[in-house]
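Participant: this one's structure only:
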């Protein structure tokens, strides 16, 4: 099916209804395999078993940024191409991205306490991820504050594109400033610096969490489309009753 066909909400509902069970199953299998590998992975020679928080913390961080990048692409769809489902995708992604970003901060604090001696420091990476969470919450609040859905969607799209500047700050903060976080160790020009026995469980967990994110997003989009259809039917029924 071509992407242009999925611009039709009815076709999207039909297509996603077929894909969603497979995507959910993939997420379940990926997470089961990834967490099993993480449990069996050796302890780090410096951090001991505490390093195993990495297997959920790092995917949460990646997907917090991925969710915002998805929203930025949807924002372009709203403002430039006026894609029929762009606003639906944008609205559906915000609560999911905010949840993953929040979990990133929580698991990072739990990892930081035994490693750094504190739950929180105002270094560049932590602060920029907190800003990312605030952007998510601000976008959710903006939509809730504006009564007209069209204006709310356009305003949220503009704010999303303004906030995109924070993504490279999150990514490269460890290279631009002195922070307690280590530099990138997976996606590097010279290859990963993590031992394969630790890297593979991380990648499998990341795959499982990514499938979970996509499944939740697809489910949220379906729910939003159906909610809007119910609103249209209720408004039509109210107008007919008034007439």
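Facilitator: The structure has been received and is ready for your questions. Just so you know, these numbers come straight off a predicted model, no measurement behind them.

Participant: show me where pLDDT drops low in this protein?
Facilitator: Scanning the chain with the threshold set as pLDDT under 70 gives 1-6, 187-191.

Participant: rerun that using 80 as the cut-off
Facilitator: 1-7, 45, 178-193, 243 (pLDDT under 80).

Participant: so where do the helices sit in it?
Facilitator: Ranges of helices within the chain are 9-40, 54-76, 86-116, 124-145, 149-163, 166-176, 196-242, based on DSSP state H.

Participant: got a markdown table for these, with distance to residue 183 and mean neighbour count too?
Facilitator: To be clear about C-beta, it is placed using only N, CA and C from the backbone, and glycine gets the same treatment. Formatted as a markdown table, those follow (distance: least, CB to CB, whole Å; neighbours: other CB atoms under 10 Å):
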| stretch | distance to residue 183 | mean neighbour count |
| --- | --- | --- |
| helix 9-40 | 22 | 15 |
| helix 54-76 | 14 | 22 |
| helix 86-116 | 16 | 20 |
| helix 124-145 | 11 | 18 |
| helix 149-163 | 24 | 17 |
| helix 166-176 | 5 | 16 |
| helix 196-242 | 16 | 16 |
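
Participant: can I get the ones you listed in JSON lines including distance to residue 46?
Facilitator: Shown next, in JSON lines, are those (distance: least, CB to CB, whole Å):
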{"stretch": "helix 9-40", "distance to residue 46": "18"}
{"stretch": "helix 54-76", "distance to residue 46": "13"}
{"stretch": "helix 86-116", "distance to residue 46": "9"}
{"stretch": "helix 124-145", "distance to residue 46": "19"}
{"stretch": "helix 149-163", "distance to residue 46": "36"}
{"stretch": "helix 166-176", "distance to residue 46": "18"}
{"stretch": "helix 196-242", "distance to residue 46": "12"}
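
Participant: closest to residue 48 out of those?
Facilitator: Residue 48 lies closest, by CB to CB, to one member of those: helix 86-116, at 8.7 Å.

Participant: on contacts alone, who are the packing partners of the closest one?
Facilitator: helix 54-76, helix 124-145, helix 149-163, helix 196-242 (3 or more CB pairs under 8 Å, 6 or more residues apart in numbering; DSSP states H and E).

Participant: for residue 15, which of these is the nearest?
Facilitator: If you check each of the helices and strands packed on helix 86-116 against residue 15 by CB to CB, helix 196-242 wins as the nearest, at 9.6 Å.

Participant: could you check the angle that closest one makes with helix 54-76?
Facilitator: 40 degrees (axes from the mean of the first three to the mean of the last three CA atoms, to 10 degrees).

Participant: ok now helix 196-242, how far from the chain's centre?
Facilitator: 12 Å (CA atoms, centre = their mean, to the nearest Å).

Participant: helices and strands around it, which ones?
Facilitator: Partner elements for helix 196-242 (3+ CB pairs under 8 Å, 6+ apart): helix 9-40, helix 54-76, helix 86-116.

Participant: kindly reformat those as JSON lines containing distance to residue 239.
Facilitator: Shown next, in JSON lines, are the helices and strands packed on helix 196-242 (distance: least, CB to CB, whole Å):
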{"stretch": "helix 9-40", "distance to residue 239": "22"}
{"stretch": "helix 54-76", "distance to residue 239": "31"}
{"stretch": "helix 86-116", "distance to residue 239": "23"}
